[in-house]
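Peer 1: Test case, fold it:
(chains A and B)
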Number of protein chains: 2
Amino acid sequence: MSQYKHVALIGLGLLASSISLAMRRADMAARITGTARSKETQETALEIGLVDAVFDTAAEAVKGADLVILCVPVGVMGAIAEEIAPHLSEGCTVSDVGSVKRAVAEAIRPHMPDGVHLIPAHPMAGTEKSGPEAGFASLFDNRWLLITPLPESDHTAVKRLVDFWTTLGSNVEIMEIEHHDLVAAVISHTPHLIAYTMVGVADGMNRVAKTEVVNYSAAGFRDFTRIAASDPTMWRDVFLNNKDATLEVLGRFTEELFALQRAIRLGDGDFLFDYFTRTRDIRRSIIDAGQDTEAADFGRTKSEK
Amino acid sequence: MSQYKHVALIGLGLLASSISLAMRRADMAARITGTARSKETQETALEIGLVDAVFDTAAEAVKGADLVILCVPVGVMGAIAEEIAPHLSEGCTVSDVGSVKRAVAEAIRPHMPDGVHLIPAHPMAGTEKSGPEAGFASLFDNRWLLITPLPESDHTAVKRLVDFWTTLGSNVEIMEIEHHDLVAAVISHTPHLIAYTMVGVADGMNRVAKTEVVNYSAAGFRDFTRIAASDPTMWRDVFLNNKDATLEVLGRFTEELFALQRAIRLGDGDFLFDYFTRTRDIRRSIIDAGQDTEAADFGRTKSEK
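Peer 2: Coordinates of the predicted model:
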């Protein structure tokens, strides 16, 4: 399978910069072009060598590319697709890294010319940092990359994209697009919303000072603040574009929370103990699957000091 | 201020073992005795040098001690207090590390003989690990220790306990007991319940396989699993014994969650964006206060592989 010769990165944040660094690490020979909305990001990306050339517009950046990856918030994917459409090369693949797949596919698809392969994708990896300097080459190592081909997607083009991500370090899985959005709602979107909410509650308690929340955060709270520190624009777009699945999972969440709340109110210790025992097992599985570290407190307790 | 000469640790889990190791690190000359319910824990504690002597009962372990620290689940504090009461030395201090202070004080207080100082305390530190081998000497470094004296608490005895914890590495704060329970509900108890709930929801979704939850957990979910991996008995007791404050905070949480859920349903992007921007600030404050690491993803991404 031939590698891509020219990859265009639209948007130069955490994911795009990590893609570039992982490509360099794998000695991919491809030319990398890119664009970003802010002049500052453009300059930084060029300076630190993320791209071989940077452009003011997506239209210019995609010229001649055989792979275009849209690394922009979900809400602007449609507008970008419309902008780049006339400038795409015959046979090129257009993919993305959006956290939502149905809405993104629907936003992009109408603009895609014949002979261009639209293949949505979503790396299950990230950190709470944003911007071109947030990336690192190992971000995708042993993390999963979900590809959600459309019915019309060309098998050879899909295979080529799978190889690309495998070379970057990912485990690749092909998934049906609706199922992706439900899975993402469970393991990513709803947890983020819950974390944002908990942080908002703590911040808004009149009877508890902000310094108290901050100083004593090591007792559990701070683990919510990391995921609640992610890019607001990105997450706004995620929730607006994965409404149904998120609302479904939120409904389940509220139901479960009320059951636990009722057990607390009634003093049902057995219910609580059983629940807390069951949830403990899943962490073991995550560690065994290499998706987290076994070090207590994420190893934070040892390294900090 | 004279140091304690003999410290008795009742219960030999994460916190007791960390107290012992932090005492050794500080070259405290005190004799350390201890007890634990299981024979295996008793033997391990002796073997790895956490205690100078181990006993089958709390009654024996406290004999001659001038500081007794109850490191057992909140639900058994009362029974332990009753057991040790006749064996406490005149002038000794009885403290604890329970996450709840009003209920613990009420459970212990009726049993305390005259001339014994009951001074409840709560270290705002911990990991998800349990048992005598989970401890480490730096657990309390730069973490906060809340002391909630009772109206009758002797000032000199309180000062002595403050010095003890300061020597172990803690920042010590004196706090009113009801306020402690509210603060703990906000920054520790409710976040733990939310995390348990989210993990329970993911585990119980019929349409999403457990392998999917596990494999893709790096997208946010796994941060919930660490705190949902803590000791089930301890947490059952916390919720049963801090019912009012937890239910109050849960009420606020549900209210906020519904506001966000409504914004998602109505497509109110501005509301979501503003909320997510506000919550981002608090993380910065936590990092500035030295209560977390600035490394992306808790530094996990760099250290893992």
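
Peer 1: Quickly list what the residue lying closest to A:V51 once chain neighbours are set aside is bridged to.
Peer 2: Spatial nearest neighbour of A:V51, excluding adjacent residues (CB to CB, 6 or more residues apart in numbering or on different chains): A:G34 at 4.0 Å. Where C-beta positions appear, they are placed from N, C-alpha and C, glycine not excepted. Taking DSSP bridges, one obtains A:L9, A:V54 as the residues bridged to A:G34.

Peer 1: Which residues are in contact with A:G34?
Peer 2: A:8-10, A:12, A:16, A:20, A:42, A:45, A:50-51, A:53-55, A:61 (CB atoms under 8 Å, 6 or more residues apart in numbering or on different chains).

Peer 1: Can you convert those into a markdown table and add a column each for neighbour count?
Peer 2: Converted to a markdown table, the contacts of A:G34 look like this (neighbours: other CB atoms under 10 Å in any protein chain shown):
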| residue | neighbour count |
| --- | --- |
| A:A8 | 31 |
| A:L9 | 32 |
| A:I10 | 28 |
| A:L12 | 30 |
| A:A16 | 29 |
| A:S20 | 26 |
| A:Q42 | 19 |
| A:A45 | 26 |
| A:L50 | 26 |
| A:V51 | 25 |
| A:A53 | 13 |
| A:V54 | 23 |
| A:F55 | 18 |
| A:A61 | 25 |
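
Peer 1: Could you count how many residues lie near A:R207?
Peer 2: Applying other CB atoms under 10 Å in any protein chain shown, we find 10 residues neighbouring A:R207.

Peer 1: Please enumerate the strands of the stretch 151-300 of chain A.
Peer 2: Along the stretch 151-300 of chain A, counting by DSSP state E, counting those that start in this stretch, strands occupy A:171-174.

Peer 1: what do you get for the stretch 1-150 of chain A?
Peer 2: Under DSSP E, counting those that start in this stretch, the stretch 1-150 of chain A gives strands at A:6-10, A:31-35, A:53-55, A:67-70, A:93-96, A:117-118, A:121-123, A:144-147.

Peer 1: What is the last one packed up against?
Peer 2: For strand A:144-147, the helices and strands in contact under the criterion 3 or more CB pairs under 8 Å, 6 or more residues apart in numbering or on different chains; DSSP states H and E are strand A:121-123, helix A:155-167, strand A:171-174.

Peer 1: out of the ones you listed, deepest packed?
Peer 2: Neighbour counts (mean count of other CB atoms under 10 Å in any protein chain shown) averaged over each of the helices and strands packed on strand A:144-147 peak at strand A:121-123, with a mean of 25.

Peer 1: What strands flank that strand, and is each parallel or antiparallel?
Peer 2: The pairing partners recorded for strand A:121-123 under DSSP bridges are strand A:144-147 (antiparallel).

Peer 1: For the partner strand, C-alpha coordinates in PDB please.
Peer 2: Extracted C-alpha coordinates of strand A:144-147, given in PDB (Å, rounded to 0.1, in the frame of the first residue of the first chain):
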ATOM      1  CA  TRP A 144      -7.600   3.400  19.500                       C
ATOM      2  CA  LEU A 145      -8.500   5.100  16.300                       C
ATOM      3  CA  LEU A 146     -12.100   4.500  15.100                       C
ATOM      4  CA  ILE A 147     -12.800   4.700  11.400                       C
END
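
Peer 1: which parts of it are buried?
Peer 2: Within strand A:144-147, the residues scored as buried using 16 or more other CB atoms under 10 Å in any protein chain shown are A:W144, A:L145, A:L146, A:I147.

Peer 1: Can you tell me which of these is nearest A:A185?
Peer 2: Lowest distance from A:A185 to those (CB to CB) belongs to A:L146, with 13.2 Å.

Peer 1: Show me what the closest one bridges to in the sheet.
Peer 2: A:H122, A:E173.

Peer 1: Rebuild the helices and strands packed on strand A:144-147 as a markdown table, extending it with distance to B:N242 and mean pLDDT.
Peer 2: Formatted as a markdown table, the helices and strands packed on strand A:144-147 follow (distance: least, CB to CB, whole Å; pLDDT from 0 to 100):
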| stretch | distance to B:N242 | mean pLDDT |
| --- | --- | --- |
| strand A:121-123 | 40 | 97 |
| helix A:155-167 | 47 | 97 |
| strand A:171-174 | 42 | 97 |
